[in-house]
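Engineer: how would this look folded up:
(one chain, ligands or ions: 1)
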Amino acid sequence: ILGGSTAGAHQRPYMASLQVDGHHVCGGLLIAEQWVLSAAHCMEDMKGKTFQVLLGAHSLSQPEPHKRLYAVRAAVRHPGSNIETNDDDLLLLQLEEKATLSEHVKILPFQRQDVDVPPGTMCEAAGWGFTSHSGRKPDELQQVERPVKSREECNRRPYHDNTITDKMLCTDSRKKDTCKGDSGGPLICNGVAEGVVTAGARVCGNYKKPGIYTRIAAYVDWIDGVMAAAEE
Ligand SMILES: NCc1cccc(Nc2n[nH]c3ncnc(Nc4cccc(O)c4)c23)c1
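Structural biologist: Have a look, this model is predicted:
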């Protein structure tokens, strides 16, 4: 997160850190006791390694009583996701067991009504991604407030030039923005998860490349279907 601030400890108890070999690679959000939603692109640099999911954390390094690493029983990428585009950039991770819910670990409701968030709505992104262009990695969860940018404007030059579909939304990215390591994390508007961070042009903090999010409401049937079909 560029231009943001340290979140209050455990004030975002739905935040997940996707870890490979003990290192944070992406964000995620707890949407059910045994399910974390993230971004399909987060599985790209895995080379067959395995994910673990960290829940209940504020600091990535310090011992915290409610912090716990979960093994992943299943990783389901959206069938439409691919490395060339931002389309359908969603990943569902089934935890090895149900998460122990507490004040520090909670489920975040997501938007089920497929209606665009009105442009200008102030939303929040959070994550442990880069806090500087030089690639500084925070130890504690960061957050930033961003206004939604209309799809019509986001699709103009010099912005994203007609690559933003109805299943994506944009936020202004001048100075304050998501960045590497924030992919997969939530965009929260009025207390409800509306989007999942996608890297898009991978540019951070440049007003010409607004932040792009996958609109969760456009994938409710897929999400419900995967969770319902998964075996215990
Ligand atoms: N703001 C959109 C957004 C959301 C999520 C991730 C991303 N960026 C990235 N996703 N993956 C990446 N691999 C390498 N570099 C990357 N961005 C980068 C790194 C250092 C300086 C800088 O200005 C930009 C990214 C960008």
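Engineer: dump the residue contacts of C123.
Structural biologist: Each residue near C123 by C-beta atoms under 8 Å, 6 or more residues apart in numbering is listed here: 117, 145-148, 171, 187-189, 194-195. (C-beta placed from N, C-alpha, C; glycine too.)
Engineer: what about the closest residue to M46 other than its chain neighbours, distance to the ligand?
Structural biologist: Counting by C-beta to C-beta, 6 or more residues apart in numbering, M46 lies nearest to V20, which is 6.4 Å off, once chain neighbours are set aside. Separation of V20 from the ligand (C-beta to the nearest ligand atom, to the nearest Å) stands at 14 Å.
Engineer: check C26 too.
Structural biologist: In terms of C-beta to the nearest ligand atom, C26 sits 9 Å off from the ligand.
Engineer: contacts made by whatever helix or strand that residue lives in with the rest, please.
Structural biologist: If you go by DSSP states H and E, C26 is part of strand 23-32. Residues outside strand 23-32 that contact it (C-beta under 8 Å, 6+ apart): 14-19, 36-39, 42, 45, 53-55, 60, 93, 99, 105-108, 110, 126-129, 137, 181-186, 193, 196-197, 223, 227.
Engineer: can you do 6 Å?
Structural biologist: For strand 23-32, the external contacting residues (C-beta atoms under 6 Å, 6 or more residues apart in numbering) are 14, 16-18, 36-38, 42, 60, 107-108, 110, 127-128, 182-186, 193.
Engineer: and the next helix or strand after that strand, C-alpha only, in CSV?
Structural biologist: Sequence-wise, the next helix or strand downstream of strand 23-32 (DSSP H and E) is strand 35-38. C-alpha atoms of strand 35-38 as CSV (Å, rounded to 0.1, in the frame of the first residue of the first chain):
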residue,chain,number,x,y,z
TRP,A,35,-12.6,-20.3,2.7
VAL,A,36,-10.4,-17.4,1.7
LEU,A,37,-10.9,-15.3,-1.5
SER,A,38,-7.8,-14.0,-3.2
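Engineer: give me the secondary structure label for G195.
Structural biologist: strand (DSSP: H, G, I helix; E, B strand; the rest coil).
Engineer: OK, contacts around it?
Structural biologist: Counted by C-beta under 6 Å, 6+ apart, G195 has contacts 169, 187, 213, 215.
Engineer: residues contacting the closest residue to N86 other than its chain neighbours?
Structural biologist: Of all residues not flanking N86 in the chain, T198 sits nearest, at 4.8 Å (C-beta to C-beta, 6+ apart). For T198, the contacting residues are 39, 86, 89, 212, 214, by C-beta under 6 Å, 6+ apart.
Engineer: contacting residues for the second one?
Structural biologist: When you say that, I think you mean N86. 198, 200, 212.
Engineer: name the nearest residue to the second one, ignoring sequence neighbours.
Structural biologist: Leaving aside its sequence neighbours, G200 sits nearest to I212 (C-beta to C-beta, 6+ apart; 3.9 Å).
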